[in-house]
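Chemist: Predicted coordinates and the sequence they were generated for:
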Amino acid sequence: MKMLIAANWKMHGAMDWIKKPVHFDTVLPAKDRKAIDVLICPPALYLAAMVEPAMDNNVFIGAQDCHAADEGAHTGDISAKQIAETGARYVINGHSERRANGETDANVKAKAEAALRHALTPIICVGETLDQRESGEAQAVVAKQLSGSLPEVEGKSFVVAYEPVWAIGTGKTATPSDIADMHNFIRTIVGPDTRILYGGSVKPANAAAIFAVETVNGALIGGAGLDMYSLADIAQAAL
Ligand SMILES: O=C[C@H](O)COP(=O)(O)O
């Protein structure tokens with residue numbers, strides 16, 4: 001399965017960042033990374049401007065969230081239909097930073113199903129908190145999130161990102177053995193054909209060890225995905 005190297009820019013960036021996929025291609029040209037897919041998920045207002053230069057450089061563009069409805073009175077929200085119209089190909093659903101603000105498994109599932117209706121690939125995030133891990137509940141928490149959040153749409157593919165909440169933006173990475181345990185567990189639920197990413201303080205220095213875990217099919221990268229040299233170093237580790 002092709003690895004997916006996905007950068008989630010969160011609420012970072014400015015208009016001149018729309019050139020970053022072109023810069024990425026200068027650092028790691030498309031001809032040298034045919035074995036992997038590269039995705040950048042910028043803030044929504046940059047999507048339309050980024051898609052064309054990014055696709056010209058074999059970089060996919062995705063959104064960080066979508067609404068479950070196709071249209072309506074939802075101030076500040078963006079629908080999967082609108083995201084798809086920009087030419088973006090992926091959307092992140094259920095990131096822990098959104099779950100922390102009240103997003104439920106049912107919301108995530110409805111959003112992922114909206115994404116699939118508009119030919120976007122949802123990246124569905126799951127992961128336990130430190131308290132949940134320390135009390136031995138990590139797998140049960142992830143199983144519950146998957147059971148409530150995965151889209152029920154026949155024949156459509158989605159991506160799962162396992163992001164332990166305690167590893168996000170903290171510099172603490174799960175050990176390869178912890179990642180392998182959780183990814184193997186998730187694999188038993190999602191089957192052999194679904195990409196399972198790891199996210200949580202992925203950096204150039206630890207990427208190779210993470211990608212060496214057999215059931216890791218790529219990474220969802222926050223901080224280290226803002227700099228194209230560091231994103232390219234991580235991508236290189238997946239080749
Ligand atoms: O979506 C990305 C994750 O939240 C990971 O962020 P991080 O690499 O800054 O820890």
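Modeler: Ah, there it is.
Chemist: my guess is Ile83 meets Ala44, correct?
Modeler: Yes. Assessed by Cβ atoms under 8 Å, Ile83 is found in contact with Ala44 at 7.4 Å. For glycine as for every other residue, the C-beta is placed from the backbone atoms N, C-alpha and C.
Chemist: any residues in contact with both of those two?
Modeler: By Cβ atoms under 8 Å, 6 or more residues apart in numbering, Ile83 and Ala44 have these common neighbours: Ala63.
Chemist: which one of these two has more residues nearby?
Modeler: Taking neighbours as other Cβ atoms under 10 Å, Ile83 and Ala44 compare with Ile83 leading, 27 against 18.
Chemist: residues contacting that one?
Modeler: By Cβ under 8 Å, 6+ apart, the contact set of Ile83 is 44, 47, 63, 66, 91, 115, 118, 120.
Chemist: how many other residues sit next to the fourth one?
Modeler: Cys66 has 28 neighbouring residues, counting by other Cβ under 10 Å.
Chemist: likewise the fifth one?
Modeler: Using other Cβ under 10 Å, Val91 is surrounded by 27 other residues.
Chemist: anything in the one helix or strand it maps to near the ligand?
Modeler: The secondary structure element spanning Val91 is strand 90-93 (assigned by DSSP states H and E). No. Interface with the ligand: strand 90-93 contributes nothing (Cβ under 6 Å from any ligand atom), its closest point being 7.0 Å away.
Chemist: Name the surrounding residues that touch the very next helix or strand once past that strand.
Modeler: For strand 90-93, the succeeding helix or strand toward the C-terminus, using DSSP H and E, is helix 96-99. Where contact means Cβ under 8 Å, 6+ apart, the residues beyond helix 96-99 that reach it are 10, 65, 108, 125, 127, 163, 165, 168.
Chemist: my guess is the last one contacts Gly199, does it?
Modeler: Yes. Ile168 lies in contact with Gly199 (Cβ under 8 Å); the separation is 7.0 Å.
Chemist: Residues that sit against both of those two, list them.
Modeler: Between them, Ile168 and Gly199 share the neighbouring residues 127, 222, with contact defined by Cβ under 8 Å, 6+ apart.
Chemist: what about those two, which has more around it?
Modeler: Set side by side, Ile168 and Gly199 give different neighbour counts by other Cβ under 10 Å, the larger being at Gly199 (27 against 20).
Chemist: Ramachandran angles for the more buried one?
Modeler: In this entry, Gly199 is assigned phi and psi values of phi -140, psi 150 (degrees, to the nearest 10).
Chemist: residues in contact with it?
Modeler: In this structure, Gly199 makes contact with 8, 125, 127, 161-163, 167-168, 219-222, judged by Cβ under 8 Å, 6+ apart.
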